[in-house]
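In: this one's structure only:
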């Protein structure tokens, strides 16, 4: 079964996860491409990865997803704003809306990823205003925690996800 990993990455987090997913896909009939290099190569199974942009995938990934038909699709993403399964579920539902109904959706994997330093600096500037102090302190704590991700546990979970998707796609 042919598989392809296509991903969009701004800070390297999604690229790191894409590499682990690609490595875990069994066999030699597989490929991996950044979204800006993707030329329309076909496959039976698409792993489509993205960085989270305001609770959704970026526009290039949305365009790719809307153009896929009759394929088995698995999503994966990284986001800086915490590790809540509820939050990941909302992202998954938003991104799934880009998929045409004739595809077979297999599942999604999400993990936290580090954010650019300018995000923390913005929080610190806002904190200096004296408003929303508790909220901004929690945002800074989340930022600091995100610096450690994706970590080895995230990488192993992504590899497990890829193996499970491929096993499930064989049964579909």
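Out: Yep, that arrived. Because the structure is predicted, anything quoted here is derived from the model rather than measured.
In: contacting residues around stretch 142-153?
Out: 13, 16-17, 78, 80-82, 111-115, 119-120, 123, 158 (CB atoms under 8 Å, 6 or more residues apart in numbering). Heads up, the C-betas are built off the backbone N, CA and C, glycines and all.
In: Could you single out the nearest of these to residue 5?
Out: Nearest to residue 5 among these is residue 17, at 9.5 Å by CB to CB.
In: Let me know the distance separating that closest one from residue 48.
Out: Separation of residue 17 from residue 48 (CB to CB, to the nearest Å) stands at 12 Å.
In: Spit out the residues that contact those two alike.
Out: Contacts common to residue 17 and residue 48, judged by CB under 8 Å, 6+ apart, are 7, 76.
In: Helix, strand, or coil at residue 33?
Out: strand (DSSP: H, G, I helix; E, B strand; the rest coil).
In: Which helix or which strand is home to the nearest residue to it once chain neighbours are set aside?
Out: Spatial nearest neighbour of residue 33, excluding adjacent residues (CB to CB, 6 or more residues apart in numbering): residue 6 at 5.5 Å. Per DSSP states H and E: residue 6 is located in strand 3-7.
In: Show me what that strand is in contact with.
Out: Identification of contacts with strand 3-7 by CB under 8 Å, 6+ apart yields 14-15, 17-18, 21-22, 25, 29-35, 38, 41, 43-50, 64, 76, 166.
In: Pull out the buried members of these.
Out: For the contacts of strand 3-7, a neighbour count by 16 or more other CB atoms under 10 Å gives the buried set as 14-15, 17-18, 21-22, 25, 30, 32, 34-35, 38, 43-50, 64, 76, 166.
In: re earlier: mind checking which of the contacts of strand 3-7 are in helices?
Out: Cross-referencing the contacts of strand 3-7 against helices under DSSP state H gives 14, 15, 17, 18, 21, 22, 64, 166.
In: Now do the contacts for the first one.
Out: For residue 14, the contacting residues are 7, 8, 49, 50, 51, 76, 77, 78, 113, by CB under 8 Å, 6+ apart.
In: Leaving out chain neighbours, which residue sits closest to the first one?
Out: Think residue 7. For residue 7, the closest residue by CB to CB, 6+ apart turns out to be residue 49, at 3.3 Å.
In: these two touch, right, the one you found and residue 16?
Out: No - using CB atoms under 8 Å, residue 49 is not in contact with residue 16; the gap is 10.1 Å.
In: Thank you, goodbye.
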